[in-house]
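In: Structure here, sequence nowhere to be found:
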């Protein structure tokens, strides 16, 4: 049991870890990973350790939240069976004494747990199937009467975007199965871009003077979200299919290894020659470990192996958690690591003013490319690792994409190695920096480096999603017309745009049409686009929902920044939870100070004058009797719904969702591993219901 002082320190660390995890998850979903998978796993494992020790409710933990890939304009459908990610064997996992648990031992422990759950004797056979973990994007295919009826992305695991036209246009999967003529089934797999096809496509782009695709995985994800799929057949994108999670009216094999054969017989692309049926955990692990040299021979990228129980009859019995199924586990390849010398460090300025140290290295060949620059993440990481100029450092690639300095060989440190100091001034504009935990910021919003980054972010898909307004065009607009604030985009004319390099009348009209569509995105998307520190998508939605209009938000921000005690207590009280869930005092100080600034007010005035909607775009509520006006608290892991989804359904029906249990709470919705909130409900005599009862109340 931690002392009160230790607990407070651990809660501070938990909050910092949560912020880092959410930041890196968002970066990964944008296709811009900033750290290695192994480092991310280490963050998550440490977060889990602290959350367990502090008895944080499962539903309130950031490691319980799923990812998402929804794109506006795409129909969203619910998966009949959730598309969950697999549990990973992690080099960051440690035993009770703090010693790392070898991956082979982790797999043996997983295998023993599965046998115990299935009530099998220790010496009873439980064959496993080992398959390559293709680095692509998950896809779900619905075949009806043998014909392809729908293709859907993994999405958040529960719902995904319909990409049927895009998949059909690539020719990656057959439109008809070879021998199935009746019934319905779902086939899952991975859309991927073969290395040879990807390189050939990029060569054509380069010859045409067009922007290259950064890597096969991100390229596949981006091209599958093209609203007009014409031309996708030229990319060479393919699919590996490997799973049939359900079928109605179709007879299937009873083993996963035979499913692969069956899929091949139907004309689908599978990796039969790369799969291995293992007798036990030791055999499976040996195959994984021995597979490394074969990666270079493949025409597609893999980042590990998937180990599945071969007998499909056990899957339903083993079940799943809210995170992952119990019938499989993922083995991740350790990334290639090379030593090289750190020659110098420069500083980059991001859209929020964050100063990031960048390492300049003696060139080293790493994961099929020559690396001469690498990220050092932040100055806190530099200090923690004690990195110095002149050191021999080890470099890896995050997701095999972005080079990172991961460690230092201190035994080879030269006598003249120079420490790397936190900058006192912004290297671009000279403003005195401000420090926040491990990060260093330039506070000057007029800093030229920030201007370009912020404008690009405002137009990005995550924010206002202005089609046609890319970095090169924005660079030209800044130079030609001194655009330095986002609302100025909406004052551009077709003539101004057409005068720019590589822009004609048609391109100019397309950009203006994209700007016109962006006007209706609403307050939450505007807030995301303004790159206000600590305001991501969730916080932006919460602020928009609570305040409703930009006028109300900005008026409140002015009161808060002026020290109005009543305003402070509304959103960030000293004790308890404020009106906006998860908004702590320190974060609120930062957000409302920026919202109260003259620069932000100028942008809102300009957006309003240009006809941009700066009010919340909220779903119309359909009040449901028994739910409307009632207060709900969610706790534990629900069988099918995630916390946000359940909360959204309650709110849509006119109910309220709270983060804490009190006498005013009407219902506590409890799932597996419900914690202190369930106990509190019992103490107070609050009604406790399960997900099934909630869905019944909602009329679902």
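Out: Ah, there it is. All figures in this text were calculated on a predicted structure; none of them were measured in a lab.

In: Can you name the residues in contact with stretch 308-322?
Out: Outside stretch 308-322, the residues that touch it by Cβ atoms under 8 Å, 6 or more residues apart in numbering are 58, 64, 82, 84, 114, 117-118, 126-131, 253-257, 259, 277, 325-328, 637-638, 642, 671-672. In this view, the C-beta of every residue, glycine as well, is placed from N, C-alpha and C.

In: 7 Å - rerun?
Out: Under the criterion Cβ atoms under 7 Å, 6 or more residues apart in numbering, residues 64, 84, 114, 117-118, 126-129, 254-257, 277, 326-328, 637 lie in contact with stretch 308-322.

In: show me where pLDDT drops low in the stretch 601-700 of the chain?
Out: Counting by pLDDT under 70, the stretch 601-700 of the chain contains low-confidence ranges at 618-621, 659, 673, 675, 700.

In: rewinding a little: list buried members of the contacts of stretch 308-322 by neighbour count.
Out: Among the contacts of stretch 308-322, those classed as buried by 16 or more other Cβ atoms under 10 Å are 64, 84, 114, 118, 126-129, 255-257, 277, 326-328, 637.

In: Can you give the domain ranges for this protein?
Out: Domains of the chain are assigned by automatic domain parsing as 4-65, 128-332, 338-436, 448-609, 631-698.

In: ok, residue 630 touching residue 665?
Out: No: with contact defined as Cβ atoms under 7 Å, residue 630 and residue 665 do not form a contacting pair (9.1 Å).

In: quick one, which of those two is more surrounded?
Out: residue 665 (20 against 17; other Cβ atoms under 10 Å).

In: residues in contact with the one helix or strand residue 283 maps to?
Out: Using DSSP states H and E, residue 283 falls within helix 281-290. Contact with helix 281-290 is made by 104, 107-108, 111, 128, 130, 276, 278, 305, 307, 331, as judged by Cβ under 7 Å, 6+ apart.

In: can you list the residues you listed in TSV and add distance to residue 646, secondary structure and pLDDT?
Out: Formatted as TSV, the contacts of helix 281-290 follow (distance: Cβ to Cβ, whole Å; DSSP: H, G, I helix; E, B strand; the rest coil; pLDDT from 0 to 100):
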residue	distance to residue 646	secondary structure	pLDDT
104	39	helix	93
107	34	helix	95
108	37	helix	95
111	34	helix	96
128	35	strand	97
130	36	strand	97
276	40	strand	95
278	39	strand	96
305	34	strand	94
307	32	strand	97
331	33	strand	92
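
In: Mind checking the domains of the chain for the one nearest to residue 624?
Out: Among those, the nearest to residue 624 by Cβ to Cβ is domain 631-698 (3.8 Å).

In: Pull up the distance across that closest one, start to finish.
Out: 14 Å (Cα to Cα, to the nearest Å).

In: ok so, going back, need the domains of the chain in JSON lines (columns: distance to residue 78).
Out: Shown next, in JSON lines, are the domains of the chain (distance: least, Cβ to Cβ, whole Å):
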{"stretch": "domain 4-65", "distance to residue 78": "18"}
{"stretch": "domain 128-332", "distance to residue 78": "5"}
{"stretch": "domain 338-436", "distance to residue 78": "29"}
{"stretch": "domain 448-609", "distance to residue 78": "21"}
{"stretch": "domain 631-698", "distance to residue 78": "9"}
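
In: who wins for proximity to residue 94 among those domains?
Out: The nearest among the domains of the chain, by Cβ to Cβ, is domain 4-65 at 7.7 Å.

In: Give me the mean pLDDT for the closest one.
Out: In this model, domain 4-65 has a mean pLDDT of 63.

In: Each with direction, which strands does the one helix or strand residue 241 maps to pair with?
Out: Residue 241 is part of strand 238-248, with elements assigned from DSSP H and E. Applying DSSP bridges, strand 238-248 is found paired with strand 184-192 (antiparallel).

In: how distant is the next helix or strand after the partner strand from the center of its chain?
Out: Once strand 184-192 ends, the next helix or strand along the chain (criterion: DSSP H and E) is helix 195-207. Taking Cα atoms, centre = their mean, to the nearest Å, the mean C-alpha location of helix 195-207 is offset from the chain mean by 27 Å.

In: how about the helix or strand containing residue 110: buried residues?
Out: In the assignment (DSSP H and E), residue 110 maps to helix 103-117. Neighbour counts over helix 103-117 (16+ other Cβ under 10 Å) mark 103-104, 106-108, 110-111, 114-115 as buried.

In: and if you look at stretch 288-300?
Out: Buried, per 16+ other Cβ under 10 Å, within stretch 288-300: 288, 291, 300.

In: Distance to residue 605 and pLDDT added to those residues, as a markdown table?
Out: Below are these laid out as a markdown table (distance: Cβ to Cβ, whole Å; pLDDT from 0 to 100):
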| residue | distance to residue 605 | pLDDT |
| --- | --- | --- |
| 288 | 59 | 94 |
| 291 | 59 | 91 |
| 300 | 51 | 90 |
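
In: between those residues, which is nearest residue 552?
Out: Set against residue 552, the nearest of the buried residues of stretch 288-300 by Cβ to Cβ is residue 300 (51.7 Å).

In: where's the closest one relative to residue 314, distance?
Out: 30 Å (Cβ to Cβ, to the nearest Å).

In: next SSE after the helix or strand harbouring residue 407?
Out: In the assignment (DSSP H and E), residue 407 maps to strand 402-408. Going down the chain from strand 402-408, the next helix or strand is strand 418-419, by DSSP H and E.
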